[in-house]
Each structure stands twice: as structure tokens, then as C-alpha cells.
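Q: from the sequence below, what's the structure:
(2 chains)
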Amino acid sequence: QQQVKQSPQSLIVQKGGISIINCAYENTAFDYFPWYQQFPGKGPALLIAIRPDVSEKKEGRFTISFNKSAKQFSLHIMDSQPGDSATYFCAASSKAAGNKLTFGGGTRVLVKP
Amino acid sequence: DGGITQSPKYLFRKEGQNVTLSCEQNLNHDAMYWYRQDPGQGLRLIYYSQIVNDFQKGDIAEGYSVSREKKESFPLTVTSAQKNPTAFYLCASSENNQPQHFGDGTRLSIL
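A: Alright, predicted model coming up:
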């Protein structure tokens, strides 16, 4: 059972455009929602994270929007740059379950110059 | 530099052979994790350990084994019982209730 569903699987955006990746979860016990960025041959790196007590968090060009009632959250990459071309993973965890991360399937983003 | 070191970067396994992947961290983190990454499926948790000398099965533990004899080390053995071992294996660590930090992975292939 896939507890975190991520879409789209891939995305092409022009330089300067906005990349939007969506995730939906089922487990209402989840209380931590990070996004990771992964380049080929490397491990994922934490990009930005949110807890359900806020609806939005912004760090530079990256913004997470969180909708608790809909059990959805999304990543917006503003002013996308070629260096943002990578695979992005959403994830979720709960303190009650030992903070184990459940990952979405990933979105491969390509930013064209 | 503080971080997580995985070795080797590439590993090949013969039929019927057990292989061990190394994961070392110098971040003084209590918790360590092993994930398997396959194309289009994200990361799946194999085993995790929250303290030394204790570890728990994740979602796909069959065919794998681990040990946690030292805080900084969490080796993963891929046994011959794992019939589809070809994947990218990632190790992570964290302090309790803090984000997980990942190593750069080991790519395992079948000869």
C-alpha cells in the first residue's frame, strides 16, 4: 500500500518558470513532511520541510503548501533554474512510528535553458 | 567534515553470494537507516536502528540482515535469499525527531 502518492512522475519547465509537484497521503498520524532533492549518483538532500501546524513555508525559491483537511502538500519551485534539474521526493513520518520516513515515488524535473 | 560514508560505490554480486555494504557516520547520530531505491518507486525502508545493539525491520527486510555494534556503523548484508538485489542502496542517519541525512549510496548489480 503506497501511503504517499506523488505526481507528476516527470516535469519539464522553461528557465524562469514555476515547477509544481504534488503529494497526497493517507495516514493521518503523519506529522512531518520533508522534501528531498536528489542528483544522479548522489543521495537525497533535505530541501525544505513542514509540520501540519502551518499551511505554508517558504525558503528562498522553494515553497511548501500544506492542506491538512485534504491530506495534500505540494512543492513550488519559483524562477526555476537549470541547476534545479533533479529528482524530487516528498516524504512523511510520524513521531509515534519512530520517525520512519515513507517516500513518494519521485518527480524528475528538467529545467530547459 | 561530518557526514555519512557509504562504501563501496559500486558492488557486484555473484549467484549465491552474500555481500556487505558499509555505512559509517561521524555525526554522532543515534538513529541509522537503510533504504533501497528502484526506478519509479522512491525509497523503501529495509532496516533501521534507533540505538546501539538494537534494530528493527522496515517494509522490505526479507533477504537482508544488519548489525549495530557501534554507534557510528550500520552495515547491511544482502544475502543470497534476496532474489532481486539489483538496486541503489542508501544509508541515512538522524538525531531523534530531526531530519535524516543521507550518504551517496552503493549501487549493487548482479554478475
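Q: and B:Ala61, backbone torsions?
A: Here is the backbone geometry of B:Ala61 (degrees, to the nearest 10): phi -80, psi -20.
Q: A:Lys58 pairs with what?
A: A:Thr63 (DSSP bridges).
Q: what's the answer for B:Ser94, then?
A: B:Ala31.
Q: that one reaches A:Leu101, doesn't it?
A: No - if you go by CB atoms under 8 Å, B:Ser94 and A:Leu101 don't touch, sitting 9.3 Å apart. Quick note: C-beta positions are derived from backbone N, CA and C, even for glycine.
Q: mind listing the shared neighbours of the two?
A: B:33, B:100 (CB atoms under 8 Å, 6 or more residues apart in numbering or on different chains).
Q: who touches the residue of chain B found nearest chain A in this structure?
A: Nearest residue of chain B to chain A (CB to the nearest CB) works out as B:Phe102 at 3.4 Å. Contact analysis of B:Phe102 by CB under 8 Å, 6+ apart lists A:36, A:43-45, B:4, B:90-92.
Q: if we go to 7 Å?
A: A:43-44, B:4, B:90, B:92 (CB atoms under 7 Å, 6 or more residues apart in numbering or on different chains).
Q: quick check on it: phi, psi?
A: phi -110, psi 150.
Q: what's the pLDDT at it?
A: Listed pLDDT for B:Phe102 reads 95.
Q: circling back to that earlier point, so which of B:Ser94 and A:Leu101 has more stuff around it?
A: A:Leu101 (25 against 21; other CB atoms under 10 Å in any protein chain shown).
Q: and the more buried one, what does it touch?
A: A:91, A:93, B:100.
Q: B:Lys70 too?
A: Contacts of B:Lys70 by CB under 7 Å, 6+ apart are B:Val52.
Q: host element of the residue lying closest to the residue of chain B closest to chain A once chain neighbours are set aside?
A: Leaving out its chain neighbours, the residue that sits closest to B:Phe102 by CB to CB, 6 or more residues apart in numbering or on different chains is A:Gly43, at 3.4 Å. Per DSSP states H and E: A:Gly43 is located in neither a helix nor a strand.
Q: centre of the chain to stretch B:72-87, how far?
A: For stretch B:72-87, the separation from the chain centroid amounts to 8 Å (computed by CA atoms, centre = their mean, to the nearest Å).
Q: I meant to write stretch A:60-77 there.
A: The answer for stretch A:60-77 is 8 Å, by CA atoms, centre = their mean.
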